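A.B. asks: okay, sequence plus prediction incoming.
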Amino acid sequence: MPQMRDLKKEVFKVVFLNSQNRIIAIEDLEEGTVNHAAPIIREIFQRALQHFAVSIICVHNHPAGDAAPSAEDKTFTKELCDAGKLMGIKVLDHVILGDNEFYSFTDEGNISQKITIN
């Protein structure tokens with residue numbers, strides 16, 4: 001949060017994880033405008049396959065400070081999860097960072113994959 005909350009543009013990051021939920025890599029996949037970033041689902045999973053990732057966590061910021069998801073965020077997250085199921089790569093969460101607040105699609109029950117952490 002400290003790294004992303006003061007950014008003036010939306011930045012979309014993906015955390016790539018191995019089968020033990022350990023971080024393989026963290027990449028910035030899209031830098032948008034002051035109120036919109038348009039990551040491409042195909043490119044997210046291409047990078048996940050290149051890293052041999054078993055699961056991913058997506059994170060982006062809302063420069064205006066309100067962490068509530070937009071309609072576009074909700075649609076994107078559903079499409080991302082659907083694609084992940086087809087690809088065999090779990091989408092563990094999509095987190096939106098605001099000004100000292102965050103929104104987690106998993107915490108809010110909008111991503112319902114079972115997570116096993118050893």
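C.D. replies: Structure's in. What do you need? Residues are numbered from 1 along each chain as shown.
A.B. asks: what ranges of the protein fall below the confidence cut-off?
C.D. replies: 1-6, 32-36, 113-118 (pLDDT under 70).
A.B. asks: please repeat the previous calculation with a cut-off of 50.
C.D. replies: Along the chain, the model assigns pLDDT under 50 to residues 115-118.
A.B. asks: quick one: the helices in it?
C.D. replies: 41-50, 71-87 (DSSP state H).
A.B. asks: look up how far residue 60 lies from the closest residue in space to residue 24 that isn't next to it in sequence.
C.D. replies: Leaving out its chain neighbours, the residue that sits closest to residue 24 by C-beta to C-beta, 6 or more residues apart in numbering is residue 16, at 4.5 Å. For glycine as for every other residue, the C-beta is placed from the backbone atoms N, C-alpha and C. From residue 16 across to residue 60, the span is 16 Å (C-beta to C-beta, to the nearest Å).
A.B. asks: equivalent analysis for residue 75, please.
C.D. replies: Note on residue 75: its distance to residue 60, by C-beta to C-beta, is 14 Å.
A.B. asks: so which of those two has more stuff around it?
C.D. replies: residue 60 (23 against 11; other C-beta atoms under 10 Å).
A.B. asks: bridged to the closest residue to the more buried one other than its chain neighbours, which residues?
C.D. replies: Computed as C-beta to C-beta, 6+ apart, the closest residue to residue 60 that is not its neighbour in sequence is residue 12, at 4.3 Å. Listed beta-bridge partners, residue 12: residue 30, residue 60 (assigned using DSSP bridges).
A.B. asks: which ones are touching residue 12?
C.D. replies: 28, 29, 30, 31, 32, 37, 39, 58, 59, 60 (C-beta atoms under 8 Å, 6 or more residues apart in numbering).
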